[in-house]
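Chemist: the following block contains a protein sequence and its predicted model.
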Amino acid sequence: MADEGTILGTIARSATEQLQIAIKSYKGKSYLDLRIFYTTDDGQTWLPTKKGVTVSPKDLTTLKDAVEEAMKELQTTEENDV
């Protein structure tokens with residue numbers, strides 16, 4: 001059974017939907033979980049959807065490198081748009 005995990009951050013997508021970034025465990029193994037959650041009670045309770053991805057610890061460096069590259073490219077794009 002999966003645990004509730006530790007939420008590292010959230011990104012609001014709308015008033016009723018958010019992306020939760022968390023460390024979770026399943027069958028004794030830990031992983032990074034990026035998952036869309038929704039609410040129907042004004043944010044009192046957030047429920048997970050099937051929309052998401054899990055990243056194993058061995059793949060975190062690849063994810064980190066890709067995010068850093070995206071940040072560089074998007075910063076360059078923003079600077080050119082100004």
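Modeler: In hand now; what should we look at? Numbers count the residues shown, from 1 in each chain.
Chemist: every contact and neighbour count from this point should use C-alpha atoms.
Modeler: Will do.
Chemist: assign Leu63 to helix, strand or coil.
Modeler: Using DSSP: H, G, I helix; E, B strand; the rest coil, the secondary structure recorded for Leu63 is helix.
Chemist: same thing with the one 4 residues further on?
Modeler: Of the three states, Val67 takes helix under three-state DSSP.
Chemist: tell me, how many residues neighbour it?
Modeler: 12 (other C-alpha atoms under 10 Å).
Chemist: for it, give its distance to Ser25.
Modeler: 23 Å (C-alpha to C-alpha, to the nearest Å).
Chemist: sheet partners, orientation included, of the host helix or strand of Gln20?
Modeler: Using DSSP states H and E, the element containing Gln20 is strand 17-26. When pairing is defined by DSSP bridges, strand 17-26 lines up against strand 6-14 (antiparallel), strand 29-38 (antiparallel).
Chemist: just how off-centre is the first one within its chain?
Modeler: This points to strand 6-14. Computed by C-alpha atoms, centre = their mean, to the nearest Å, the chain-centroid distance of strand 6-14 equals 7 Å.
Chemist: which residue is the nearest non-sequential neighbour of Asp42?
Modeler: Thr16 (7.3 Å; C-alpha to C-alpha, 6 or more residues apart in numbering).
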